[in-house]
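>>> Just the structure for this:
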Amino acid sequence: MPMLPQSHRLSRGGTRAWALVILWSLAWLAITHAPPVWSQEPAKNGAAPAAPAPAAAPAGLPDAAPAPVAAPGTTGGAEAPRPTSMLMWAIKASGPIGFCLLLLSIYFTALVIRLFMEFRMTEAVPPSLVEKLDAAIKERKFQEAYDACRDNDSFLARVVRTGVANLPNGRAEAKEAMHDVTEEIVTGMEARISYLAIIGTLGPMIGLVGTIWGMIMSFQVIATAEGAQAKPAEIAEGISTALFITLEGVSLAVPAIYFHALFRNRIAQMAMETTKVADRTINSLVAAAKQAKSA
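Below is the predicted model:
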């Protein structure tokens, strides 16, 4: 039974680490509150602004009721701004570009999960198929060995049945045909993981679009102020849009590049292991056939 390579077992730990990082980031955004924005600046040196002295009541009139005194730390009747979570602030600042990045992230997650399920050594070289081939060759049941590969669609089965079908033309022809099939399968696998490389390239580009859009929003506020002082809150809104979308694009690109390299190495390992087992199977098959003829 073929053993899983050490790098394959280590990649599982790397995947779990990435999942923990993503969950921790979402939890941090959900519980972190954005700093509130006040409508007026507090008095310097921490002193509260002095309330105006009440006007003296005219002579002959009853004393007026004293004006209500605002509680310390309040703005005198104005409601204090409610704190907003960092997650809600990020959603509001990202806008439609952030929604596009969210859809791309969902597709990326689904693709990675599917590739992890399909690009496994046990899927490329099924232990049950290896046992069937070894048993059939030992018992010199060559047709049974071919039928086992024909009824299976794994990497190993496709390579072995190609070699068995070309054995009448000689071992060299069979080896060459097996090599061609291996290259064809590897090319198809690499084409599937190329979408990860595309996502890794598109993430920063979409983030750059968001950066430009946010800066345009901020400068538009300054340009349309018409001589008045622009509101800092409106300027900060455009800057936050630029920064959040840039962060989201880069956060999508980093794991995409990582998983593309991981799956590319895994494909190379699968191809190497499959070629080794297939060559051993063909050699055993040829040796068993020669023994059967001599007997």
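>>> going forward, measure contacts and count neighbours with C-alpha atoms only.
Fine.
>>> what are the ranges of the helices in the stretch 51-200 of the chain?
86-118, 121-124, 127-138, 142-150, 155-165, 171-223 (DSSP state H, counting those that start in this stretch).
>>> With distance to residue 266, mean neighbour count and mean pLDDT added, can I get those in TSV?
Shown next, in TSV, are the helices of the stretch 51-200 of the chain (distance: least, CA to CA, whole Å; neighbours: other CA atoms under 10 Å; pLDDT from 0 to 100):
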stretch	distance to residue 266	mean neighbour count	mean pLDDT
helix 86-118	10	15	87
helix 121-124	8	18	92
helix 127-138	18	16	91
helix 142-150	23	17	87
helix 155-165	13	23	92
helix 171-223	10	18	91
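>>> Go through the ones you listed and name the closest to residue 268.
helix 171-223 (8.1 Å; CA to CA).
>>> so how far is the helix or strand following that closest one from its chain's centroid?
Proceeding N to C from helix 171-223, the next assigned helix or strand is helix 232-294, under DSSP states H and E. Between the centre of helix 232-294 and the centre of its host chain there is 13 Å, according to CA atoms, centre = their mean, to the nearest Å.
>>> do stretch 110-129 as well
Taking CA atoms, centre = their mean, one finds stretch 110-129 lying 19 Å from the centre of the chain it belongs to.
>>> Kindly report the same for stretch 205-212.
Distance, centroid of stretch 205-212 to centroid of chain: 18 Å (CA atoms, centre = their mean).
>>> Could you list the residues in contact with it?
Stretch 205-212 is contacted by residues 97, 101, 241-243, 245-250 when judged by CA atoms under 8 Å, 6 or more residues apart in numbering.
>>> Tell me how many other residues surround residue 286.
Counted with other CA atoms under 10 Å, the neighbours of residue 286 add up to 16.
>>> Please renumber the chain so that the first residue is 11 from this point on.
With 11 as the first residue, the last one maps to residue 296.
>>> could I have stretch 197-207 exported to PDB, CA atoms only?
What follows is stretch 197-207 as a C-alpha-only set of coordinates in PDB (Å, rounded to 0.1, in the frame of the first residue of the first chain):
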ATOM      1  CA  THR A 197      -2.000  19.100 -17.800                       C
ATOM      2  CA  GLY A 198      -5.700  18.700 -17.000                       C
ATOM      3  CA  MET A 199      -5.000  19.000 -13.300                       C
ATOM      4  CA  GLU A 200      -2.800  22.100 -13.700                       C
ATOM      5  CA  ALA A 201      -5.500  23.700 -15.800                       C
ATOM      6  CA  ARG A 202      -7.900  23.300 -12.900                       C
ATOM      7  CA  ILE A 203      -5.600  24.900 -10.300                       C
ATOM      8  CA  SER A 204      -4.800  27.700 -12.700                       C
ATOM      9  CA  TYR A 205      -8.000  29.400 -11.500                       C
ATOM     10  CA  LEU A 206      -6.300  29.900  -8.100                       C
ATOM     11  CA  ALA A 207      -3.500  31.800  -9.800                       C
END
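>>> most neighbours, which of the contacts of stretch 215-222?
residue 255 (30 neighbours).
>>> so who does that residue touch?
Residues near residue 255 by CA under 8 Å, 6+ apart: 104, 107-108, 216-218, 220-221.
>>> wait, which of those residues is closest to residue 131?
Closest approach to residue 131 among the contacts of residue 255 (CA to CA): residue 216, at 35.3 Å.
>>> ok, of the contacts of residue 255, which one's closest to residue 188?
Once CA to CA is applied, the member of those that ends up nearest residue 188 is residue 216, at 42.7 Å.
>>> quick revisit: output the helices of the stretch 61-210 of the chain as CSV; include the columns distance to residue 302.
As requested, these are exported to CSV (distance: least, CA to CA, whole Å):
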stretch, distance to residue 302
helix 96-128, 38
helix 131-134, 30
helix 137-148, 11
helix 152-160, 11
helix 165-175, 16
helix 181-233, 17
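>>> Thank you kindly, that will do.
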